[in-house]
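*Asks:* Fold the following and give me the result.
(one chain, ligands or ions: 1)
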Amino acid sequence: MNSKMKIEEIMAHKGKRKLTMLTAYDYPLASLIDRAGIDMILIGDSVANVILGLESTNQVGMQEMIHHAKAVSRAVKHALVIGDMPYESYQLNPEECVKNAKRFIEEARCDAVKLEWFERCPEITEKIIKARIPVMGHIGLTPQTADKLGGFKVQGKDAESARRLIEQAKILEETGCFSIVLECVPDRIAQLITESLKIPTIGIGAGVFCDGQVLVTHDLLGLFERFKPKFVKRYINLSELILKAIEEFKNEVIEGKFPSLEHSFSIKEEEWRKIQK
Ligand code: KIV
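*Replies:* The predicted model follows:
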(Lines give C-alpha, C1' and ligand atoms only; values in the text may rest on other atoms or scores of the structure.)
Protein backbone atom coordinates (compact mmCIF):
# COMPACT_ATOMS: atom_id res chain seq x y z
CA MET A 1 0.00 0.00 0.00
CA ASN A 2 3.03 2.27 -0.16
CA SER A 3 2.71 3.14 -3.83
CA LYS A 4 0.95 6.38 -4.68
CA MET A 5 -2.57 6.13 -6.14
CA LYS A 6 -2.88 7.33 -9.73
CA ILE A 7 -5.87 8.78 -11.58
CA GLU A 8 -5.87 5.79 -13.99
CA GLU A 9 -6.01 3.37 -11.04
CA ILE A 10 -9.01 5.19 -9.54
CA MET A 11 -10.80 5.03 -12.89
CA ALA A 12 -9.92 1.36 -13.42
CA HIS A 13 -11.65 0.36 -10.16
CA LYS A 14 -15.09 1.21 -11.60
CA GLY A 15 -17.22 -1.91 -11.60
CA LYS A 16 -14.47 -3.93 -9.87
CA ARG A 17 -14.33 -2.65 -6.30
CA LYS A 18 -15.82 0.28 -4.42
CA LEU A 19 -13.73 3.42 -3.96
CA THR A 20 -13.28 5.30 -0.68
CA MET A 21 -12.73 9.00 -0.11
CA LEU A 22 -12.56 11.09 3.08
CA THR A 23 -11.85 14.73 3.83
CA ALA A 24 -8.76 15.94 5.71
CA TYR A 25 -7.48 19.38 6.58
CA ASP A 26 -4.39 18.70 8.70
CA TYR A 27 -1.32 16.48 9.01
CA PRO A 28 -2.34 14.08 11.84
CA LEU A 29 -5.75 13.08 10.46
CA ALA A 30 -4.48 12.92 6.86
CA SER A 31 -1.75 10.60 8.07
CA LEU A 32 -4.24 8.26 9.81
CA ILE A 33 -6.62 8.25 6.84
CA ASP A 34 -3.71 7.41 4.54
CA ARG A 35 -2.49 4.62 6.83
CA ALA A 36 -6.01 3.13 6.80
CA GLY A 37 -5.73 2.74 3.02
CA ILE A 38 -8.41 5.21 1.91
CA ASP A 39 -8.12 5.77 -1.88
CA MET A 40 -8.66 9.53 -2.07
CA ILE A 41 -8.28 12.40 0.40
CA LEU A 42 -10.18 15.60 -0.28
CA ILE A 43 -9.17 18.91 1.26
CA GLY A 44 -12.82 19.98 1.23
CA ASP A 45 -14.05 23.53 1.50
CA SER A 46 -16.07 21.95 4.36
CA VAL A 47 -12.98 23.11 6.30
CA ALA A 48 -15.06 26.31 6.66
CA ASN A 49 -17.70 24.54 8.77
CA VAL A 50 -15.86 21.78 10.62
CA ILE A 51 -12.52 23.48 11.34
CA LEU A 52 -12.96 27.24 11.09
CA GLY A 53 -16.42 27.52 12.65
CA LEU A 54 -17.82 29.48 9.68
CA GLU A 55 -21.44 29.28 8.48
CA SER A 56 -20.81 28.87 4.75
CA THR A 57 -18.20 27.10 2.64
CA ASN A 58 -18.16 30.27 0.51
CA GLN A 59 -16.34 32.02 3.36
CA VAL A 60 -13.04 30.23 2.70
CA GLY A 61 -10.66 31.39 0.01
CA MET A 62 -7.51 30.19 -1.74
CA GLN A 63 -5.22 31.25 1.10
CA GLU A 64 -6.92 28.98 3.67
CA MET A 65 -7.34 26.09 1.20
CA ILE A 66 -3.67 26.10 0.17
CA HIS A 67 -2.56 26.31 3.82
CA HIS A 68 -4.60 23.19 4.72
CA ALA A 69 -3.78 21.35 1.48
CA LYS A 70 -0.05 21.72 2.13
CA ALA A 71 -0.41 20.11 5.58
CA VAL A 72 -2.40 17.19 4.12
CA SER A 73 0.02 16.58 1.24
CA ARG A 74 2.96 16.44 3.66
CA ALA A 75 1.29 13.49 5.41
CA VAL A 76 0.07 11.43 2.47
CA LYS A 77 2.10 8.61 0.91
CA HIS A 78 -0.63 6.51 -0.71
CA ALA A 79 -3.95 8.27 -1.36
CA LEU A 80 -4.78 10.52 -4.30
CA VAL A 81 -4.92 14.06 -2.89
CA ILE A 82 -7.66 16.35 -4.22
CA GLY A 83 -7.93 20.09 -3.56
CA ASP A 84 -11.45 21.51 -3.43
CA MET A 85 -11.60 24.74 -5.45
CA PRO A 86 -13.22 27.38 -3.22
CA TYR A 87 -16.05 29.60 -4.49
CA GLU A 88 -13.82 32.64 -5.04
CA SER A 89 -11.27 30.69 -7.09
CA TYR A 90 -13.49 29.91 -10.11
CA GLN A 91 -17.14 30.94 -9.64
CA LEU A 92 -16.41 34.46 -8.45
CA ASN A 93 -13.24 34.80 -10.56
CA PRO A 94 -13.62 32.56 -13.64
CA GLU A 95 -10.62 34.19 -15.33
CA GLU A 96 -8.41 33.06 -12.42
CA CYS A 97 -9.53 29.40 -12.48
CA VAL A 98 -6.46 27.88 -14.16
CA LYS A 99 -4.03 29.94 -12.07
CA ASN A 100 -5.81 28.84 -8.88
CA ALA A 101 -6.03 25.18 -9.92
CA LYS A 102 -2.28 25.26 -10.64
CA ARG A 103 -1.62 26.56 -7.10
CA PHE A 104 -3.23 23.37 -5.69
CA ILE A 105 -0.93 21.23 -7.84
CA GLU A 106 2.33 23.20 -7.70
CA GLU A 107 2.27 24.83 -4.24
CA ALA A 108 0.18 22.32 -2.28
CA ARG A 109 1.30 19.16 -4.11
CA CYS A 110 -2.27 17.95 -4.79
CA ASP A 111 -2.90 15.42 -7.57
CA ALA A 112 -6.23 16.86 -8.74
CA VAL A 113 -8.88 19.49 -8.03
CA LYS A 114 -12.63 19.28 -7.47
CA LEU A 115 -15.19 21.77 -8.82
CA GLU A 116 -18.87 22.14 -7.99
CA TRP A 117 -21.39 22.40 -10.82
CA PHE A 118 -22.64 25.89 -11.74
CA GLU A 119 -23.79 27.39 -15.04
CA ARG A 120 -20.24 27.99 -16.36
CA CYS A 121 -18.86 24.69 -15.04
CA PRO A 122 -18.27 22.96 -18.43
CA GLU A 123 -16.22 25.89 -19.80
CA ILE A 124 -14.15 26.27 -16.60
CA THR A 125 -13.59 22.52 -16.29
CA GLU A 126 -12.40 22.35 -19.90
CA LYS A 127 -9.85 25.14 -19.32
CA ILE A 128 -8.42 23.41 -16.24
CA ILE A 129 -8.23 20.02 -17.94
CA LYS A 130 -6.51 21.65 -20.95
CA ALA A 131 -3.88 22.86 -18.49
CA ARG A 132 -3.30 19.13 -17.74
CA ILE A 133 -4.85 19.27 -14.28
CA PRO A 134 -7.16 16.33 -13.45
CA VAL A 135 -10.66 17.42 -12.38
CA MET A 136 -13.28 15.72 -10.23
CA GLY A 137 -16.80 17.06 -10.83
CA HIS A 138 -19.49 17.57 -8.17
CA ILE A 139 -23.24 17.64 -8.94
CA GLY A 140 -26.51 17.33 -7.02
CA LEU A 141 -26.49 19.42 -3.87
CA THR A 142 -23.63 21.83 -4.50
CA PRO A 143 -23.22 23.83 -1.25
CA GLN A 144 -21.47 26.79 -2.94
CA THR A 145 -24.70 27.55 -4.87
CA ALA A 146 -27.22 26.03 -2.43
CA ASP A 147 -29.20 29.31 -2.42
CA LYS A 148 -30.00 28.74 -6.12
CA LEU A 149 -31.10 25.14 -5.42
CA GLY A 150 -33.70 25.98 -2.80
CA GLY A 151 -31.31 25.40 0.11
CA PHE A 152 -29.62 22.26 1.46
CA LYS A 153 -32.11 19.81 -0.08
CA VAL A 154 -31.99 16.50 -1.93
CA GLN A 155 -31.66 17.21 -5.68
CA GLY A 156 -33.18 15.31 -8.63
CA LYS A 157 -36.36 14.25 -6.84
CA ASP A 158 -38.58 14.82 -9.88
CA ALA A 159 -38.08 13.56 -13.42
CA GLU A 160 -37.16 16.96 -14.84
CA SER A 161 -34.44 17.81 -12.30
CA ALA A 162 -33.18 14.20 -12.37
CA ARG A 163 -32.77 14.50 -16.16
CA ARG A 164 -30.77 17.69 -15.64
CA LEU A 165 -28.41 15.84 -13.28
CA ILE A 166 -27.96 12.99 -15.78
CA GLU A 167 -27.15 15.58 -18.46
CA GLN A 168 -24.66 17.41 -16.21
CA ALA A 169 -22.91 14.11 -15.42
CA LYS A 170 -22.65 13.31 -19.16
CA ILE A 171 -21.23 16.78 -19.93
CA LEU A 172 -18.61 16.43 -17.18
CA GLU A 173 -17.59 12.99 -18.45
CA GLU A 174 -17.31 14.31 -22.02
CA THR A 175 -15.29 17.30 -20.80
CA GLY A 176 -12.75 14.88 -19.32
CA CYS A 177 -13.45 14.67 -15.56
CA PHE A 178 -11.94 11.52 -14.05
CA SER A 179 -14.74 11.11 -11.50
CA ILE A 180 -17.87 12.85 -10.20
CA VAL A 181 -19.19 13.41 -6.67
CA LEU A 182 -22.98 12.96 -6.40
CA GLU A 183 -24.28 14.77 -3.31
CA CYS A 184 -27.80 14.27 -1.93
CA VAL A 185 -29.38 12.50 -4.88
CA PRO A 186 -32.06 9.74 -4.66
CA ASP A 187 -30.35 6.34 -4.76
CA ARG A 188 -32.05 5.16 -7.99
CA ILE A 189 -31.08 8.36 -9.83
CA ALA A 190 -27.49 7.93 -8.58
CA GLN A 191 -27.62 4.35 -9.87
CA LEU A 192 -28.88 5.55 -13.26
CA ILE A 193 -26.04 8.11 -13.48
CA THR A 194 -23.45 5.58 -12.30
CA GLU A 195 -24.54 3.02 -14.89
CA SER A 196 -24.59 5.58 -17.69
CA LEU A 197 -20.99 6.74 -17.10
CA LYS A 198 -17.60 5.18 -17.77
CA ILE A 199 -16.00 7.26 -14.99
CA PRO A 200 -16.60 6.46 -11.29
CA THR A 201 -19.23 8.25 -9.21
CA ILE A 202 -18.51 8.98 -5.56
CA GLY A 203 -21.64 9.37 -3.47
CA ILE A 204 -22.44 11.36 -0.36
CA GLY A 205 -26.10 10.96 0.51
CA ALA A 206 -26.56 9.25 -2.86
CA GLY A 207 -27.12 5.63 -1.84
CA VAL A 208 -25.24 2.39 -2.20
CA PHE A 209 -25.13 2.09 -6.01
CA CYS A 210 -22.39 4.69 -6.53
CA ASP A 211 -18.90 3.48 -7.43
CA GLY A 212 -17.53 4.88 -4.17
CA GLN A 213 -18.43 6.80 -1.03
CA VAL A 214 -17.16 9.97 0.61
CA LEU A 215 -17.88 11.45 4.04
CA VAL A 216 -16.60 14.47 5.92
CA THR A 217 -14.18 12.84 8.37
CA HIS A 218 -15.23 15.05 11.28
CA ASP A 219 -18.81 13.81 10.80
CA LEU A 220 -17.89 10.12 10.84
CA LEU A 221 -15.64 10.62 13.90
CA GLY A 222 -18.29 12.58 15.81
CA LEU A 223 -16.06 15.65 15.94
CA PHE A 224 -18.58 18.04 14.45
CA GLU A 225 -21.68 18.55 16.55
CA ARG A 226 -23.40 21.63 15.06
CA PHE A 227 -25.58 19.59 12.67
CA LYS A 228 -25.76 16.00 11.40
CA PRO A 229 -27.21 15.35 7.93
CA LYS A 230 -29.30 12.14 7.47
CA PHE A 231 -26.60 10.56 5.28
CA VAL A 232 -23.91 10.77 7.99
CA LYS A 233 -23.01 7.65 9.93
CA ARG A 234 -21.05 8.37 13.11
CA TYR A 235 -18.61 5.51 13.58
CA ILE A 236 -17.34 6.89 16.90
CA ASN A 237 -18.15 9.78 19.21
CA LEU A 238 -14.72 11.38 19.54
CA SER A 239 -16.13 14.64 20.98
CA GLU A 240 -17.29 12.70 24.06
CA LEU A 241 -13.92 10.94 24.48
CA ILE A 242 -11.92 14.16 24.02
CA LEU A 243 -14.13 16.06 26.47
CA LYS A 244 -13.61 13.31 29.07
CA ALA A 245 -9.81 13.41 28.65
CA ILE A 246 -9.69 17.22 28.94
CA GLU A 247 -11.85 17.19 32.08
CA GLU A 248 -9.60 14.53 33.61
CA PHE A 249 -6.52 16.70 32.90
CA LYS A 250 -8.23 19.74 34.46
CA ASN A 251 -9.21 17.80 37.60
CA GLU A 252 -5.75 16.21 38.03
CA VAL A 253 -4.04 19.62 37.76
CA ILE A 254 -6.41 21.16 40.32
CA GLU A 255 -5.93 18.19 42.67
CA GLY A 256 -2.11 18.24 42.27
CA LYS A 257 -2.07 14.73 40.76
CA PHE A 258 -0.52 15.89 37.48
CA PRO A 259 2.38 15.98 36.85
CA SER A 260 3.48 12.99 38.92
CA LEU A 261 7.17 11.99 39.31
CA GLU A 262 6.80 9.97 36.10
CA HIS A 263 6.30 13.18 34.15
CA SER A 264 8.84 15.35 36.06
CA PHE A 265 12.63 15.85 35.80
CA SER A 266 15.00 15.47 38.79
CA ILE A 267 18.34 17.05 39.74
CA LYS A 268 21.27 15.16 41.32
CA GLU A 269 21.36 15.46 45.12
CA GLU A 270 24.88 17.06 45.16
CA GLU A 271 23.84 19.77 42.67
CA TRP A 272 20.70 20.40 44.66
CA ARG A 273 22.76 20.90 47.87
CA LYS A 274 25.11 23.32 46.09
CA ILE A 275 22.30 25.55 44.95
CA GLN A 276 20.83 25.67 48.44
CA LYS A 277 24.06 27.14 49.95
O1 KIV B 1 -16.17 20.09 0.98
C2 KIV B 1 -16.40 18.87 1.11
O3 KIV B 1 -16.11 18.26 2.14
C4 KIV B 1 -17.03 18.18 0.00
C5 KIV B 1 -17.49 16.77 0.23
C6 KIV B 1 -18.73 16.76 1.01
C7 KIV B 1 -17.62 16.02 -1.03
O8 KIV B 1 -17.21 18.74 -1.04
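
*Asks:* CA only for contacts and neighbour counts going forward, please
*Replies:* Noted.

*Asks:* Give me the neighbour count for the closest residue to the ligand within the stretch 151-277 of the chain.
*Replies:* Across the stretch 151-277 of the chain, no residue is closer to the ligand than residue 216, which sits at 5.4 Å (C-alpha to the nearest ligand atom). A total of 20 residues lie near residue 216 under the criterion other C-alpha atoms under 10 Å.

*Asks:* ok, now which ones touch it?
*Replies:* Residue 216 sits next to 22-24, 46 when contact means C-alpha atoms under 8 Å, 6 or more residues apart in numbering.

*Asks:* Would you mind naming what in the stretch 151-277 of the chain lies close to the ligand?
*Replies:* Applying the criterion C-alpha under 6 Å from any ligand atom, the portion of the stretch 151-277 of the chain that neighbours the ligand consists of residue 216.

*Asks:* show me where the stretch 151-277 of the chain has helices.
*Replies:* Assigned helices in the stretch 151-277 of the chain, in chain order: 159-175, 187-196, 217-220, 238-254, 269-276 (criterion: DSSP state H, counting those that start in this stretch).

*Asks:* Name the stretch among the ones you listed that sits most buried.
*Replies:* Among the helices of the stretch 151-277 of the chain, ranked by average contacts under mean count of other C-alpha atoms under 10 Å, first place goes to helix 217-220 (a mean of 21).

*Asks:* returning to what we had before: among the contacts of residue 216, name the ones that also lie close to the ligand.
*Replies:* Restricting the contacts of residue 216 to those within reach of the ligand (C-alpha under 6 Å from any ligand atom) leaves 23, 46.

*Asks:* The contacts of residue 216 in strands, which ones?
*Replies:* 22-23 (DSSP state E).

*Asks:* Mind listing what's buried along the helix or strand hosting residue 9?
*Replies:* Assignment of secondary structure by DSSP states H and E places residue 9 within helix 7-12. Across helix 7-12, burial judged by 16 or more other C-alpha atoms under 10 Å covers 7, 10-11.

*Asks:* For the residue of the chain found nearest the ligand, which non-adjacent residue is closest in space?
*Replies:* For the chain, the residue positioned closest to the ligand under C-alpha to the nearest ligand atom is residue 44, at a distance of 3.4 Å. Leaving aside its chain neighbours, residue 44 sits nearest to residue 84 (5.1 Å; criterion: C-alpha to C-alpha, 6 or more residues apart in numbering).
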